[in-house]
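A.B. asks: Here is the input, now give the coordinates:
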Amino acid sequence: MPFSGINRWWFIYRIVCMVLLQLALSTAARAELGLSEALQLALEADPAVSASRFRAVALQEQSVADGQLPDPKLTFGVFNVPLDDLSMKKEGSSQLRTGIKQAFPRGQTLRYQQHRTEWLSKAEQARTLLTEQQITRDVRETYLELYYQEKAARIIEQSHDLFHQLVDITRAHYASGRVSQQDVLQAQLELSRLDDRATQISTQSDVQRAKLTRWIGDAGWEPISQAFPALPEPGSKAELKASLAQHPAVASASAQVAANQQMVKAAREQYKPGFDVGLEYRKRFGNEGNGSDRPDMMAAMVTLDLPLFTGKRQDKRLVASQQQAEAAMQVREQRLREMQRMLESDYARWQRLGEQEALYREHLLSESSDNAGAALTSYQSGINEFNTLMRARITELDVRLQDIRIRVDRAKAQARLLFLEANGESK
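C.D. replies: Residues are numbered from 1 along each chain as shown. Predicted coordinates:
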């Protein structure tokens, strides 16, 4: 049955509503990517964090095994068997022997080996936290740099219309004989240079998005939030400096020092004798001279190590373990000094950029805008030359870009300061 006019329009109306609904749902599905969402995705999916956790668990399990005695050994054999007929009953000394033997390592070697592996597990756990904080810092810095490129692109886009108007104004004035052709060419040149800056910014934006996909995959290509990324406030310089000794980077090195110290203790235990304990049952065959069965026998044995010549074995291993422990301590000291250097540098940069940010907010932004407006009025009135107007507009654009550059750089310095905190605030 063909549609009536009303039914046809009703059908079209329903189709349009369905299409609009699908578009609305598609737009909602592509929500803006905020910094907190990017961090959550990065920490959930990063294989380096998972691998470090697996290594920590593996070392913890291995520490249990490292503290156990070696497996006992079962012995079995025949002794004093005559080769002429291989008879076990012919000779009175023929025996079938079976026994068990247990080795006991020197001193408390097992205890120190177990403690060493436990400390290695703690070092790996600290490295897991360190990896998480490094990822958090890197994602924050990358996201902030991407925010700058996106914000700069919008500023360039807004300025493009103004520079295009300057070209039109200059051409109109040239047609009326008020300006020279050079002014027209300069206006067009500055507009082309602005297009070039827009292209460079777009390229850098794509580079930052590509870096972001390393941690969060295809989500790195989603639109980012227009709001400036919010970061927790770092502690004072004194608080940060006091907490550096507990930072995961230093804690991992400290655990490595403790692990090497356990090896020094284990090396000292090698001057003590180790021993094996064995118990053996000996089955005898044949009869005694009076016709009775030969009695079975039992043997118990203890075997001792004799660490008498230690100059080229125990002494060398002790010195080697001591040198490794000392090297680990120097690594820890170097890492702590590096963290302190980073703190001094980043905290000074964060403070100075804060002062610059206040200067731009309170003076430079408004002053550059007022100067550009006054230059345009003067140019239209024939008071100023075109070069003065163009310099004012370029200065205004540079001040706006520098303002967002300073805000982003300060936030990046803040992200590095948060990385230096040992209490997990960086996450």
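
A.B. asks: contacting residues for residue 38?
C.D. replies: Contacts here follow CB atoms under 8 Å, 6 or more residues apart in numbering; on that basis residue 38 touches 139, 143, 212, 215-216, 219-220. Just so you know, the C-beta spots here come from the backbone N, C-alpha and C atoms, and that holds for glycine as well.

A.B. asks: Selecting buried members of those residues in ChimeraX, what would you type?
C.D. replies: In ChimeraX, the members of the contacts of residue 38 classed as buried (16 or more other CB atoms under 10 Å) are selected with the following command:
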select :139,143,212,215,216,220
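
A.B. asks: could you dump the contacts of residue 38 to JSON lines with secondary structure and distance to residue 200?
C.D. replies: Output for these, formatted as JSON lines (DSSP: H, G, I helix; E, B strand; the rest coil; distance: CB to CB, whole Å):
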{"residue": "139", "secondary structure": "helix", "distance to residue 200": "24"}
{"residue": "143", "secondary structure": "helix", "distance to residue 200": "20"}
{"residue": "212", "secondary structure": "helix", "distance to residue 200": "19"}
{"residue": "215", "secondary structure": "helix", "distance to residue 200": "25"}
{"residue": "216", "secondary structure": "helix", "distance to residue 200": "25"}
{"residue": "219", "secondary structure": "helix", "distance to residue 200": "25"}
{"residue": "220", "secondary structure": "helix", "distance to residue 200": "20"}
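
A.B. asks: Low-confidence bits of the stretch 51-200 of the chain, can you list those?
C.D. replies: In the predicted model of the stretch 51-200 of the chain, residues 177-179 satisfy pLDDT under 70.

A.B. asks: Strands of this structure, start to end?
C.D. replies: All strands of the chain, identified by DSSP state E, fall at 73-79, 95-104, 275-284, 297-304.

A.B. asks: Averaged pLDDT, stretch 398-406. What do you get?
C.D. replies: Average pLDDT, stretch 398-406: 94.

A.B. asks: And it, what's buried?
C.D. replies: Neighbour-count burial for stretch 398-406 flags 399-401, 403-406 (criterion: 16+ other CB under 10 Å).

A.B. asks: what's the answer for stretch 322-341, then?
C.D. replies: For stretch 322-341, a neighbour-count test (16+ other CB under 10 Å) marks 322, 324-325, 328-329, 332, 335-336, 339 as buried.

A.B. asks: what comes into contact with it?
C.D. replies: Everything outside stretch 322-341 that qualifies as a contact, by CB under 8 Å, 6+ apart, is 241, 244-245, 247, 249-250, 253-254, 256-257, 259-261, 263-264, 267, 420.

A.B. asks: Stretch 61-81 now?
C.D. replies: Residues from elsewhere that reach stretch 61-81, judged by CB under 8 Å, 6+ apart: 87-88, 91, 93-105, 110-111, 113-118, 120-121, 278, 280.

A.B. asks: do the same with stretch 136-155
C.D. replies: Outside stretch 136-155, the residues within contact range by CB under 8 Å, 6+ apart are 35, 38-39, 42-43, 198, 201-202, 204-205, 208-209, 211-212, 215-216, 224, 228-229, 231, 397, 400-401, 404-405, 408, 411-412, 415-416, 418-419, 426-427.

A.B. asks: out of those, which are buried?
C.D. replies: 35, 38-39, 42-43, 198, 201, 204-205, 208-209, 211-212, 215-216, 224, 229, 231, 397, 400-401, 404-405, 408, 411-412, 415-416, 418-419, 426.

A.B. asks: can you list the weak-confidence ranges in the stretch 301-427 of the chain?
C.D. replies: Screening the stretch 301-427 of the chain residue by residue with the criterion pLDDT under 70, one finds the ranges 423-427.

A.B. asks: and of the contacts of residue 38, the nearest to residue 357?
C.D. replies: residue 143 (18.8 Å; CB to CB).

A.B. asks: one step back: right, and out of the buried residues of stretch 322-341, which lies closest to residue 272?
C.D. replies: Top of the list for closeness to residue 272, among the buried residues of stretch 322-341 and by CB to CB, is residue 322 at 17.9 Å.

A.B. asks: From residue 84, how far off is the closest one?
C.D. replies: Using CB to CB, to the nearest Å, one obtains 61 Å as the distance from residue 322 to residue 84.

A.B. asks: Check residue 333 too.
C.D. replies: From residue 333 over to residue 84 the distance is 75 Å, taken as CB to CB.

A.B. asks: cool, residue 40 as well?
C.D. replies: Look at residue 40 and residue 84: by CB to CB, they are 84 Å apart.

A.B. asks: Compare neighbour counts for the two and give me the winner.
C.D. replies: Counted by other CB atoms under 10 Å, residue 40 and residue 84 do not tie: residue 40 has more neighbours, with 14 against 6.

A.B. asks: Tell me where the protein has helices.
C.D. replies: Using DSSP state H, the helices found in the chain span residues 5-29, 35-45, 47-66, 109-175, 181-216, 237-243, 248-269, 314-359, 365-380, 386-420.

A.B. asks: Any idea which of these gets closest to residue 290?
C.D. replies: Using CB to CB as the measure, helix 109-175 is the one of these that comes nearest residue 290, at 51.6 Å.

A.B. asks: The closest one to helix 47-66, inter-axis angle?
C.D. replies: An angle of 170 degrees separates the directions of helix 109-175 and helix 47-66 when computed by axes from the mean of the first three to the mean of the last three CA atoms, to 10 degrees.

A.B. asks: measure residue 183 to residue 169 for me?
C.D. replies: Taken as CB to CB, the spacing of residue 183 relative to residue 169 amounts to 10 Å.

A.B. asks: Neighbour count: those two, which is higher?
C.D. replies: Set residue 183 next to residue 169 and count neighbours by other CB under 10 Å: residue 183 wins out with 22 against 18.

A.B. asks: The nearest residue to the more buried one once chain neighbours are set aside and residue 349, how far apart?
C.D. replies: Here the nearest residue to residue 183 in space, its sequence neighbours aside, is residue 386; by CB to CB, 6 or more residues apart in numbering that works out to 4.1 Å. Relative to residue 349, residue 386 is positioned 39 Å away (criterion: CB to CB).

A.B. asks: higher neighbour count, these two?
C.D. replies: residue 386 (22 against 17).

A.B. asks: Counting neighbours, what do you get for the nearest residue to residue 53 once chain neighbours are set aside?
C.D. replies: Ranked by CB to CB, 6+ apart and with sequence neighbours excluded, the top spatial neighbour of residue 53 is residue 128, at 5.4 Å. Neighbour count for residue 128, taken as other CB under 10 Å: 21.

A.B. asks: Equivalent analysis for the one 10 residues further on, please.
C.D. replies: Counted with other CB under 10 Å, the neighbours of residue 138 add up to 17.
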